[in-house]
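Visitor: Structure of the sequence below:
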Amino acid sequence: MNLLECKHLSKRFGDTMALRDVNLTLPRGRIIGLLGKNGAGKTTLIKLMNDLLTPSEGAVLFEGAPLGAESKQAIAYLPERTYLERSMTVAQTLRFFAAFYASFDAEKARRLLTDLELREDVRIATLSKGMQEKLQLVLVMSRKAKLYILDEPLGGVDPATRDYVLDTILQNFAEDASVLLSTHLIADIERILDDVILIDQGQITEVLSADALRTREGCAIDEYFRRRFKC
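Guide: Next up, the predicted model:
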């Protein structure tokens, strides 16, 4: 059974069709890049997968069942924008996640915080945007989830930290789990991708392995993306 499946999924905002008849499956044990231009429908699709939007048509199934309480425990979501409570300390945030998610591993979170030189006694409000994004990544990757959905995980991270972030993603999910990554920094994430999903104007245009795409096009995925979506 596939991990997640989108069946004839569409989303309309007023007169705008943000997502149109998407049929897609996410298998287990893969790192998958969701790639497309701004406004292509990536974040809309991700929010539908996380049950944060209601489909206009179609459905999302997780392990064959509709999204609900069980899928929320099994899917770890890193949104593009910071959602942390600014008045809380890092330590309070860890306790909050441990109480809310049975899958949260507080000891793993503390090890990752140490690697990133993030102290537990500081308040979220005093952290830079980049440090808050690092903290969010720690919180997400410290969950024993079945699917990790990361929307622009490298957006506010300095280049020197990106390799650490990618290695953290690689080392902190189980073999039967999967990671869906949406990012514009394709050259940075390309080395870890198993599969690629291309989305354009709300429709899935290609789904194939990263190696198959490179072989077919004779170039890196980043170069192909630049050619394909050149303005």
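Visitor: Sketch out the helices for the chain, chain order is fine.
Guide: 42-49, 69-74, 90-100, 106-115, 129-141, 159-171, 186-189, 210-217, 221-228 (DSSP state H).
Visitor: Would you mind finding the most buried of the ones you listed?
Guide: helix 42-49 (a mean of 23; mean count of other C-beta atoms under 10 Å). C-beta coordinates here come from the backbone N, C-alpha and C atoms, glycine included.
Visitor: where are the low-confidence patches of the protein?
Guide: Residues of the chain meeting the criterion pLDDT under 70: 156, 231.
Visitor: ok, the most centrally placed residue in it to Gln136 distance?
Guide: Geometric centre of the chain, nearest residue: Leu150, 1.6 Å, by C-alpha atoms, centre = their mean. In this view, Leu150 and Gln136 are 10 Å apart by C-beta to C-beta, to the nearest Å.
Visitor: Next: Phe97.
Guide: 11 Å.
Visitor: With Pro27 instead?
Guide: Using C-beta to C-beta, Pro27 is found at 26 Å from Gln136.
Visitor: again with Ala212
Guide: 32 Å.
Visitor: what do you get for Ala145?
Guide: Taking C-beta to C-beta, one finds Ala145 at 14 Å from Gln136.
Visitor: Ser87 now?
Guide: Ser87 is 16 Å from Gln136, by C-beta to C-beta.
Visitor: now do Ala187
Guide: Ala187 is 23 Å from Gln136, by C-beta to C-beta.
Visitor: do Ser128 as well
Guide: Distance from Ser128 to Gln136, by C-beta to C-beta: 13 Å.
Visitor: do Arg123 as well
Guide: 15 Å.
Visitor: ok, now Lys11?
Guide: With C-beta to C-beta as the criterion, Lys11 and Gln136 are 25 Å apart.
Visitor: what's the answer for Ser178, then?
Guide: Taken as C-beta to C-beta, the span from Ser178 to Gln136 is 19 Å.
Visitor: and what of Thr183?
Guide: 15 Å.
Visitor: With Ile31 instead?
Guide: Counting by C-beta to C-beta - Ile31 and Gln136 are separated by 19 Å.
Visitor: Leu180 too?
Guide: 16 Å.
Visitor: what's the distance between the closest residue in space to Pro27 that isn't next to it in sequence and Ala187?
Guide: Distances taken as C-beta to C-beta, 6 or more residues apart in numbering place Asn2 nearest to Pro27, at 5.6 Å, with adjacent residues excluded. The gap separating Asn2 from Ala187 is 29 Å, by C-beta to C-beta.
Visitor: do Glu223 as well
Guide: 9 Å.
Visitor: Equivalent analysis for Lys108, please.
Guide: 29 Å.
Visitor: Kindly report the same for Leu26.
Guide: 23 Å.
Visitor: Could you do Val90 as well?
Guide: 31 Å.
Visitor: before we move on, what about Asp194?
Guide: 17 Å.
Visitor: Also Leu34?
Guide: Counting by C-beta to C-beta, the gap from Leu34 to Ala187 is 16 Å.
Visitor: and what of Asp115?
Guide: 24 Å.
Visitor: residue contacts, the closest residue to Leu24 other than its chain neighbours?
Guide: Spatial nearest neighbour of Leu24, excluding adjacent residues (C-beta to C-beta, 6+ apart): Cys6 at 4.3 Å. Contacts for Cys6 were tallied using C-beta atoms under 8 Å, 6 or more residues apart in numbering; they are Val22, Asn23, Leu24, Thr25, Leu45, Leu48, Met49, Gly58, Ala59, Val60.
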